[in-house]
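Participant: Output the structure for:
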Amino acid sequence: MKVSSVSFRHPEAYTLQAVEARVAEAAAEGTDLMVFPACTGFVCSPDLPPVDASRKFLDDMTKLSVRYPGVAVCPGNLREADGGQTFQYAVLLRGGDILLRQRQLYLSRREREEGLSRGQTQEYTQLDGFKICIIAGTDVFYPQVSRHAALHGVNLALCPVALEKEGGLPLQLSGVWREVEQNQFFAVESCFCGVFEGEEYYGEPIIHAPLEMTAKSDGLLARGDAQNDTATAVLDNEKRIKGIAVFDVLSQLNPELYQNMHLFGGGAK
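Facilitator: So this is what the prediction gives:
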């Protein structure tokens, strides 16, 4: 599977026309799946509240996915109102259909103060031989989210995020990169670069993989930079499996220990 992560570098680049141009380019290059940054839909319609902007952006992206049915697209995180609560969520679209829909499970202090609510369940889908989940926003900093996905057989995580610029690369690596190396799946990370609700965000587009299968043993299959705001790579799941054989992290787990010590709600046998 050929995948791509896009992280627009300039605020003026966040337009529906720019997004469509990237999808068209990806389709011409044979890309199977691409991930756009968190907040893309919000800043594409800056005059609308986030929930209304999300509704419009999802409708536009659904129509766009019909025009380019060969490319599965995660358009970043969105917001929705439901039952008097507001949730942050993300989707995976292909051919006008929503293949996967995931509400954010954990919230930052800022998100709690904004009145956002948490989702309750983790969802999955199958696409071209991969079991896929979405780990959106601050969920990348909660290890239980990635571990739960890995234990359910996920081998590809889609990660649209918004990282505070002052945290720099160390903050970014403490999220998706760390979780990939602890759980040994692939991940497509797309970072919002710009200002939203008074906070400045920045990050690099990165395609992550287990250390053992990357050329420099650094866990980075592809990485954007100041000149290139797109990272693209071909995911080889057989190579990932061979890399895991060198050091299988999940095989080292000891769930019986947690049960016997009454940890994390586990009861003794």
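Participant: Leaving out sequence neighbours, find the closest residue to Glu204.
Facilitator: Distances taken as Cβ to Cβ, 6 or more residues apart in numbering put Gly224 closest to Glu204, at 5.2 Å, once the chain neighbours are dropped. (Each C-beta comes from the backbone N, C-alpha and C, glycine too.)
Participant: any idea how far Glu189 is from Ile207?
Facilitator: Distance of Ile207 to Glu189, given as Cβ to Cβ, to the nearest Å: 8 Å.
Participant: One more: Val66?
Facilitator: According to Cβ to Cβ, Val66 and Glu189 sit 27 Å apart.
Participant: Compare the two (neighbour count), which wins?
Facilitator: Taking other Cβ atoms under 10 Å, Val66 and Glu189 do not tie; Glu189 has more neighbours (29 against 13).
Participant: ok, then the element right after the helix or strand where the more buried one lies?
Facilitator: If you go by DSSP states H and E, Glu189 is part of strand 186-191. As assigned by DSSP H and E, the chain's next helix or strand after strand 186-191 is strand 194-196.
Participant: Quick check: can you name the pairing partners of that next one and their directions?
Facilitator: Sheet partners assigned to strand 194-196 using DSSP bridges are listed as strand 199-201 (antiparallel).
Participant: which residues of the stretch 101-250 of the chain fall in helices?
Facilitator: Applying DSSP state H, counting those that start in this stretch to the stretch 101-250 of the chain gives helices spanning 109-113, 143-151, 168-172, 178-183, 237-246.
Participant: what comes up buried for the first one?
Facilitator: So that's helix 109-113. For helix 109-113, the neighbour count (16 or more other Cβ atoms under 10 Å) marks Glu111 as buried.
Participant: swap in stretch 176-187?
Facilitator: Buried residues in stretch 176-187 (16+ other Cβ under 10 Å): Val176, Trp177, Arg178, Glu179, Val180, Glu181, Asn183, Gln184, Phe185, Phe186, Ala187.
Participant: Would you format the helices of the stretch 101-250 of the chain as JSON lines with distance to Phe42 and mean pLDDT included?
Facilitator: Below are these laid out as JSON lines (distance: least, Cβ to Cβ, whole Å; pLDDT from 0 to 100):
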{"stretch": "helix 109-113", "distance to Phe42": "13", "mean pLDDT": "90"}
{"stretch": "helix 143-151", "distance to Phe42": "23", "mean pLDDT": "93"}
{"stretch": "helix 168-172", "distance to Phe42": "20", "mean pLDDT": "91"}
{"stretch": "helix 178-183", "distance to Phe42": "25", "mean pLDDT": "94"}
{"stretch": "helix 237-246", "distance to Phe42": "34", "mean pLDDT": "85"}
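Participant: so which of these gets nearest Glu123?
Facilitator: The closest of the helices of the stretch 101-250 of the chain to Glu123 is helix 143-151. By Cβ to Cβ, the value is 10.0 Å.
Participant: Can you work out which residues contact both of Ile207 and Glu189?
Facilitator: Both Ile207 and Glu189 are contacted by Ser5, under the criterion Cβ atoms under 8 Å, 6 or more residues apart in numbering.
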